[in-house]
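Q: from the sequence below, what's the structure:
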Amino acid sequence: MQINSQDSNLSSIRQWANLIAILAAFGVNVLANITPFNGLTIGEISNTIFRNVKIIPANYAFAIWGLIYVGLFAFAGYQALPQNRDHPRFTHLGYAIFLASIAQIIWVFLFQYQMFFLSLGAMIAILNSLIVGYLRLNIGKVRVSKKEHWCVNLPISIYLAWISVATIVNVALVLENWQWTGGGISPELWTAILLVIAGTLAAILMIERNEIAYPFVIMWALCAIAVRQATQPLILVTAIAVSLSLGLFGLSLTILRQKAITRK
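A: Below is the predicted model:
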């Protein structure tokens, strides 16, 4: 009985840790935009110091953070419910989302103080934590209730997808800061290659995990990159082509799966 009580206390600590870390990350992000810690907002740094980086999306794309935090608030509240204290999925998830939120806070400070290489380390920490969380939750592989799908699976998928894009962008920013010339490959071609890689990863998750949220976010980012780089034909065409291909591929998969269910 003592061991069970101890386990329950540890679960309660995990619930509160997740809730507080998500709220703290949100608060830091809001403050970073209202009163930048080093004088420039994240958007201002991107639009001035890194204005020539080809893979940065148009400014409107970052509005997705509103959706991300709505989802994270839903996750934080759902996992904090008393009846979910010893939920097997959350127990297995552990502190992955807590660590992602802490790394998110660290990233904001490092980026605004223009420690770009260190910020890449923080971004990779966010990405790794979310990948671990995604795999531990076994998203797309186990059946869950509608409430759990909306409050757990979708928020983590959306967050992971955007951080996947953000990591690629962060790498590009660091290379630009180091004045890397591309190794003989033009910035436009590098950007096109990365867009194809991002689209391919999204397609794999659509096949393997029946993902909808992840490819949607990738398509959102691709369209925003196309808007920002509308004067660059290679990037524009690649971004639109990959986005349309993902949409058509997803529609085809849905039709085929529905047919398979009907036959059964």
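Q: quick one: classify E211 as helix, strand or coil.
A: Three-state assignment for E211 (DSSP: H, G, I helix; E, B strand; the rest coil): coil.
Q: separation between it and M219?
A: Going from E211 to M219 by C-beta to C-beta, to the nearest Å gives 12 Å. C-beta coordinates here come from the backbone N, C-alpha and C atoms, glycine included.
Q: who touches both of these two?
A: With contacts defined as C-beta atoms under 8 Å, 6 or more residues apart in numbering, the residues shared by E211 and M219 are A202.
Q: now do the helix or strand hosting L130, average pLDDT.
A: Per DSSP states H and E: L130 is located in helix 116-137. Average pLDDT, helix 116-137: 98.
Q: and if you look at stretch 26-43?
A: Across stretch 26-43, the average pLDDT comes to 95.
Q: list the buried residues for it?
A: Buried residues in stretch 26-43, counting neighbours by 16 or more other C-beta atoms under 10 Å, are found at 26, 28-29, 32, 36, 40-42.
Q: re earlier: ok, then the element right after the helix holding L130?
A: Once helix 116-137 ends, the next helix or strand along the chain (criterion: DSSP H and E) is helix 146-148.
Q: state the mean pLDDT of the helix or strand just after that next one.
A: For helix 146-148, the succeeding helix or strand toward the C-terminus, using DSSP H and E, is helix 154-177. Helix 154-177 carries an average pLDDT of 97.
Q: distance between helix 154-177 and the chain's centre?
A: Mean-position distance between helix 154-177 and its chain equals 6 Å (C-alpha atoms, centre = their mean, to the nearest Å).
Q: who does that helix touch, helix- and strand-wise?
A: helix 64-79, helix 96-112, helix 116-137, helix 187-209, helix 213-228 (3 or more C-beta pairs under 8 Å, 6 or more residues apart in numbering; DSSP states H and E).
Q: now for the fourth one, which elements pack on it?
A: Okay, so that is helix 187-209. If you count contacts as 3+ C-beta pairs under 8 Å, 6+ apart, helix 187-209 packs onto helix 154-177, helix 213-228, helix 233-263.
Q: for L67, find the nearest of those helices.
A: Of all the helices and strands packed on helix 187-209, helix 154-177 sits nearest to L67, with 6.4 Å by C-beta to C-beta.
Q: export only the CA atoms of that closest one, formatted as CSV.
A: Provided in CSV are the C-alpha atoms of helix 154-177 (Å, rounded to 0.1, in the frame of the first residue of the first chain):
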residue,chain,number,x,y,z
LEU,A,154,-3.4,16.1,-31.9
PRO,A,155,-1.6,18.7,-29.7
ILE,A,156,1.6,16.6,-29.6
SER,A,157,1.5,15.9,-33.3
ILE,A,158,1.1,19.6,-34.1
TYR,A,159,3.8,20.7,-31.7
LEU,A,160,6.2,18.1,-33.1
ALA,A,161,5.5,19.0,-36.7
TRP,A,162,6.2,22.7,-36.1
ILE,A,163,9.3,22.0,-34.1
SER,A,164,10.5,19.8,-37.0
VAL,A,165,10.2,22.8,-39.3
ALA,A,166,11.7,25.1,-36.7
THR,A,167,14.7,22.8,-36.3
ILE,A,168,15.5,22.9,-40.0
VAL,A,169,15.1,26.7,-39.9
ASN,A,170,17.3,27.0,-36.8
VAL,A,171,20.1,25.0,-38.6
ALA,A,172,19.8,27.3,-41.6
LEU,A,173,20.1,30.4,-39.3
VAL,A,174,23.2,29.0,-37.6
LEU,A,175,24.9,28.3,-41.0
GLU,A,176,24.0,31.8,-42.2
ASN,A,177,25.5,33.2,-39.0
